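# Would you be able to build a 3D model of this:
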Amino acid sequence: MVLAPEVIALLCAAAFGAGFIDAIAGGGGLITIPALMAAGLDPVTAIATNKAQACVGASSATWSYWRAGKVDFRTIRLSILTTLIGAALGAVAVMHVNTRWLMVLLPILMVAIAFYFLFGPKASDEESQARLTPFAYSFVAGAIGFYDGFFGPGTGSFFALSLVTLVGMGLTRATAHTKALNLTSNIVSVVVLGVSGHILWALGACMAVGQFFGGRLGARSAMRFGPRLIRPLLVIICLAMVVKLLSDPANPLREMVMGWIG
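All right, here's what the predicted structure looks like:
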């Protein structure tokens, strides 16, 4: 597929913005996937190419957080393993299971997460008492990894919320570990989608440059401003995802609501 240079430049700019948002709150795909589809890519190729370039942004953000001492890989080593396994199983399962029911459940979960960060206990950078051991949490991480391989939207929000509420991490530290876990599940998706031949590697490589610098800037901004920046962005991204999902006329939850109204 041949794209004009100005289109590629705009996609790289979109990737920069997505990398910045992803490093702080996740949800960068809300920017890049519509941009890729507007450029003429079919939905599967757009999703696959997005995963490939997003891996670079996640790597960049993870590296920045780790260099700043915000990521302890020893604490999440089991979670990285279970996330990897879960994502692989999810990628296999999606080829055999109808995901329609997730389109009903996901908007409800996203609203619940937004309300938690908006009205629940004020998430700060102070650590709290962990409710689960690292071993027990690894099963939660594996389940979220499965979801990411199976469907994907909102994975970063699920990781961040679970690390804050179950592991007792401060919000900035939870965001840092979220990027490491999300990177793990993204790599699995890239392998599966790459083998199937759906990724436009040259375009993905160009966009990866924007993702790299956006991820670095986003991680630095999150560490500088902490919860003052992360909390509102998490709420905005969750609600934006709900709007995006419900804007699809084929969404079964939208059909149900319109049926009740009608």
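# use CA for all of it now, contacts and neighbours both
Will do.
# How many neighbouring residues does residue 35 have?
Neighbour count of residue 35, defined by other Cα atoms under 10 Å: 19.
# List the contacts of it.
11, 14 (Cα atoms under 8 Å, 6 or more residues apart in numbering).
# can you tell me how far it sits from residue 13?
Per Cα to Cα, to the nearest Å, residue 35 is found 10 Å from residue 13.
# what does residue 239 give?
In terms of Cα to Cα, residue 239 sits 23 Å off from residue 13.
# For residue 218, which non-adjacent residue is spatially closest?
Spatially, and ignoring its direct neighbours in sequence, residue 218 is nearest to residue 20 (4.2 Å; Cα to Cα, 6 or more residues apart in numbering).
# I'd like the distance between the one you found and residue 28.
From residue 20 across to residue 28, the span is 8 Å (Cα to Cα).
# In terms of neighbours, single out the busier of the two.
When residue 20 and residue 28 are compared for neighbours, residue 20 comes out ahead with 29 against 25, by other Cα under 10 Å.
# ok, back up a step: show me what counts as buried in the one helix or strand the residue nearest to residue 218 maps to.
Assigned by DSSP states H and E, residue 20 falls within helix 5-24. For helix 5-24, a neighbour-count test (16 or more other Cα atoms under 10 Å) marks 8, 11-24 as buried.
# So which residues of this structure form helices?
For the chain, applying DSSP state H gives helices covering 5-24, 29-38, 43-67, 73-93, 100-119, 134-150, 155-166, 171-195, 201-225, 227-246, 252-261.
# for those helices, which one sits closest to residue 125?
With Cα to Cα as the criterion, residue 125 lies closest to helix 171-195 of the helices of the chain, at 5.2 Å.
# circling back: got the CA coordinates for the helix holding residue 20 in PDB?
What follows is helix 5-24 as a C-alpha-only set of coordinates in PDB (Å, rounded to 0.1, in the frame of the first residue of the first chain):
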ATOM      1  CA  PRO A   5       4.400  11.600   2.200                       C
ATOM      2  CA  GLU A   6       2.100  14.200   3.900                       C
ATOM      3  CA  VAL A   7      -0.200  11.400   5.000                       C
ATOM      4  CA  ILE A   8       2.700   9.500   6.600                       C
ATOM      5  CA  ALA A   9       3.800  12.700   8.300                       C
ATOM      6  CA  LEU A  10       0.300  13.200   9.800                       C
ATOM      7  CA  LEU A  11       0.300   9.600  10.900                       C
ATOM      8  CA  CYS A  12       3.600  10.100  12.600                       C
ATOM      9  CA  ALA A  13       2.300  13.200  14.400                       C
ATOM     10  CA  ALA A  14      -0.700  11.100  15.500                       C
ATOM     11  CA  ALA A  15       1.600   8.500  16.800                       C
ATOM     12  CA  PHE A  16       3.500  11.100  18.800                       C
ATOM     13  CA  GLY A  17       0.300  12.200  20.500                       C
ATOM     14  CA  ALA A  18      -0.800   8.600  21.100                       C
ATOM     15  CA  GLY A  19       2.600   7.800  22.600                       C
ATOM     16  CA  PHE A  20       2.300  10.700  25.000                       C
ATOM     17  CA  ILE A  21      -1.200   9.800  26.100                       C
ATOM     18  CA  ASP A  22      -0.400   6.100  26.300                       C
ATOM     19  CA  ALA A  23       2.600   6.700  28.600                       C
ATOM     20  CA  ILE A  24       0.300   8.500  31.100                       C
END
